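Colleague: next come a sequence and a model predicted from it.
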Amino acid sequence: MSVKGRIAAVLAAALVSAGLMTPAPAHAAVSRAQLALRWAPIHYQDVDATGSHALGGRSDYLTRVDFDGDLNGRNNWDNAGQPGASFAAHVYYSVVETGSHWYLTYFFFHPRDWIDHPFFETEHENDGEGVTLAVEKNGTDYGVLRGAVTVAHTNFYSYVPAGSSWTNGRETIDGTLQTQSSPYDSFAHPVTAQERGGHGLKAYPQYTIDGDGVVYYPSTTAETPSGTNDRDVQYALVDIFAAGGLWAERDNANLFAGLGTFAGDTSGGCGVGTFSCGTNSANAPWGWDDGDDLPGRGEIATDPAKLAAEYFTVPGTLSRSYTYNPYSGAAAALKEAARTAPRIVD
């Protein structure tokens, strides 16, 4: 520091001490909600209006688990077709943190996993798939995006954005995670996409819109699509760890048939005219599993540092010690349940 700089600093300190000057406030770290909003995906949802189970395309719209006004997982297929059903767009998220990284999991919910033909595929009540992003802390407010793992049924797919320092690990990287500017903020967001019907989720354009579809943008507003081909719909985020949220309801037997597995039955016409209807066939993030890979059931959300270490080669520091992880309080129960639970076919 120059002589003038030292003099200015001493003078400023003296003025603060004398009560004649207020010190500048320290820069506040962004909240987890702000972090989740900044990295939330721009999301391409393919839509099909074919057949009665599609509900004119509404079965492919994103919504909340309690879109019908209750937390009963066994009436969601039925209530999706009722006049009072809300398809205002919401996406659930959780944030866990280590000394080196943030891990952001986004969970996309549909009341129906549906098909419109009778051959070899099953439908089921409730559908939950998503993505976990790894963001490296680099001294900036929001860090830098390094990698992503998506959930498509019972398989995981890994991606890195252009320029990422992360490379293949035990699993081969499946593609590039594209980014796109949002009209609702100043950030470039990762871009994801889901297929119609079964709602497998991958990085765009490995899935994309084929004909009708909805493009969802992260926001603080929950909009309802105006129709099956609405390319500008805002979605709001819902914290999985919020009071009364999904994690708090994990032992609610009306919503979950087991730890991480949504309750669902065959009422309301599920499976009628198709091959079959499965029961208790959808998962929350702490139930996601790729049975062929080493991370255990649910660890994509509950222990994502382990997932990152398995799926990628990471230069530099990859801390495995969590400084914030509400899932960890139930880690023993989660691991025991994962060890003994049957594999859910989504």
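Modeller: Right, received. Where do you want to start?
Colleague: got the CA coordinates for the longest strand anywhere in the chain in PDB?
Modeller: Within the chain, and with DSSP state E defining each element, the longest strand by residue count is strand 122-136. The C-alpha atoms that make up strand 122-136 are tabulated as PDB, following Å, rounded to 0.1, in the frame of the first residue of the first chain:
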ATOM      1  CA  THR A 122     -46.000 -49.700 -18.100                       C
ATOM      2  CA  GLU A 123     -47.600 -46.600 -16.800                       C
ATOM      3  CA  HIS A 124     -47.600 -45.600 -13.100                       C
ATOM      4  CA  GLU A 125     -48.800 -42.900 -10.800                       C
ATOM      5  CA  ASN A 126     -46.400 -40.100 -10.000                       C
ATOM      6  CA  ASP A 127     -43.100 -39.500 -11.800                       C
ATOM      7  CA  GLY A 128     -40.000 -37.900 -10.400                       C
ATOM      8  CA  GLU A 129     -36.700 -37.400 -12.300                       C
ATOM      9  CA  GLY A 130     -34.100 -34.700 -12.300                       C
ATOM     10  CA  VAL A 131     -30.500 -33.500 -12.200                       C
ATOM     11  CA  THR A 132     -27.700 -32.800  -9.800                       C
ATOM     12  CA  LEU A 133     -25.200 -30.000 -10.600                       C
ATOM     13  CA  ALA A 134     -21.700 -29.700  -9.200                       C
ATOM     14  CA  VAL A 135     -20.600 -26.100  -8.700                       C
ATOM     15  CA  GLU A 136     -17.000 -25.300  -7.700                       C
END
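Colleague: how far out from the middle of the chain is it?
Modeller: From the chain centre to the centre of strand 122-136 is a distance of 6 Å (C-alpha atoms, centre = their mean, to the nearest Å).
Colleague: quick one, phi psi at His53?
Modeller: His53 adopts backbone torsions of phi -70, psi -20, taken as degrees, to the nearest 10.
Colleague: could you number the chain from 890 rather than 1 from now on?
Modeller: In the new count, where the first residue is 890, that last one comes out as His942.
Colleague: give me the neighbour count for it.
Modeller: Counted with other C-beta atoms under 10 Å, residues neighbouring His942 total 24. (Glycine included, C-beta is placed from N, CA and C.)
Colleague: now do His999
Modeller: Other residues near His999 number 26, with proximity taken as other C-beta under 10 Å.
Colleague: I'd assumed Val954 was in contact with it.
Modeller: No - because the distance of 10.2 Å does not satisfy C-beta atoms under 8 Å, His999 is recorded as not touching Val954.
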